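J.: My questions are about this predicted structure, shown below with the sequence.
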Amino acid sequence: MADAKAAIPVTNSDSPYPLVARQAAPHVVRISDVEFGSDEFVVIAGPCAVEGQDQIENAARVVQSLGARVLRGGAFKPRTSPYSFQGLGLEGIELLRRASLKAELPFITEVMSVDQVWELEPRVDAFQIGTRNMHNFELLKAIGETQKPVMLKRGFGATLREWVLAAEYIAKGGNHNIILCERGIRSFDPETRFTLDLAGAIWAKQETKLPVIIDPSHGTGLPELIDPLARAAAAAGLDGIMVEIHDDPDQALSDGDQALTSRQFKTLMSNLAPIVEAVGRRMENV
């Protein structure tokens, strides 16, 4: 670990976040063979929560067949209400792992505590730090001690600088395999679940060396807004999106209101492709 830290020079000491500040070239982060920050526009997709074997395996097949490159699914769910579905835990991780292997896709899942970091590190392809844990500094430090790729979601009440400084915590531990994800901030307007800060995502892309994606599912809470915001992200030069899909959103155990059906997801992928091509990037298998 000491050697890894020593090998990474601080090249922009005037910055409050010198390790993740923008340098000569963007940093490419790999989840298995999928590159974030290269010329590929990456789509991550899957259900909010792993609910069972058939559900997650069906979702993985849809994700793979329509050209998404990474499978998502939650096994540990930090819910607003203690009475809401909290996830299947380690059983969910195993179901997610099996589904990803069958579909030949890497997967990403949320980690909520330091203990979970060490327990899940050998079992998962990438970690996600959710909005509620962006300020969990002990968790950030623990992730920094691994070399596991991590997607860091912006806290819904966090400033842009706080978000980037959270990434700096991870990088300071020696792990620079960080993907930033703008997932919406809380505002005064009740018409959407959150307000997706597309300008903030573009700022993060210009200010840091890290890949930046958006989550328009959480960022709006409305399926009909996911497609236009995803297209806007592609046009703006961001590195990808993460969206939620479910074969029966009305019966979903978590966040069904914002999930896309398979048909809606297919339309989204078709709509994205020409925009991605127009800005000189590519999407695999679309």
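T.: Yep, it's here. Residues are numbered from 1 along each chain as shown.

J.: Looking at the nearest residue to Ala252 once chain neighbours are set aside now. What's its pLDDT?
T.: Leaving aside its sequence neighbours, Ala252 sits nearest to His246 (Cβ to Cβ, 6 or more residues apart in numbering; 4.7 Å). C-beta coordinates here come from the backbone N, C-alpha and C atoms, glycine included. The score at His246 is 91. That number is its pLDDT.

J.: Could you shift the numbering so residue one becomes 25, and keep it that way?
T.: Noted, 25 is the first residue going forward, which turns the last one into His270.

J.: Count the residues that sit near His270.
T.: For His270, the neighbour count with other Cβ atoms under 10 Å is 27.

J.: now do Pro173
T.: 25.

J.: pretty sure it contacts Ala150?
T.: Yes: if you go by Cβ atoms under 8 Å, Pro173 and Ala150 touch, sitting 4.2 Å apart.

J.: Need the residues touching each of those two.
T.: Residues touching both Pro173 and Ala150 by Cβ atoms under 8 Å, 6 or more residues apart in numbering: 55, 132.

J.: from memory the residue nearest to Ala276 sits against Gly280, does it?
T.: Yes: using Cβ under 8 Å, His270 makes contact with Gly280 at a distance of 6.1 Å.

J.: Between those two, which contacts overlap?
T.: What both His270 and Gly280 touch, as defined by Cβ under 8 Å, 6+ apart, is the set Cys72.

J.: residue boundaries of the strands in the stretch 75-224 of the chain?
T.: Here the stretch 75-224 of the chain has its strands, by DSSP state E, counting those that start in this stretch, at 94-96, 131-134, 150-153, 174-177, 202-206.

J.: want to try CSV for those, with mean neighbour count and mean pLDDT as columns?
T.: As requested, these are exported to CSV (neighbours: other Cβ atoms under 10 Å; pLDDT from 0 to 100):
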stretch, mean neighbour count, mean pLDDT
strand 94-96, 26, 97
strand 131-134, 25, 97
strand 150-153, 24, 98
strand 174-177, 26, 99
strand 202-206, 27, 99
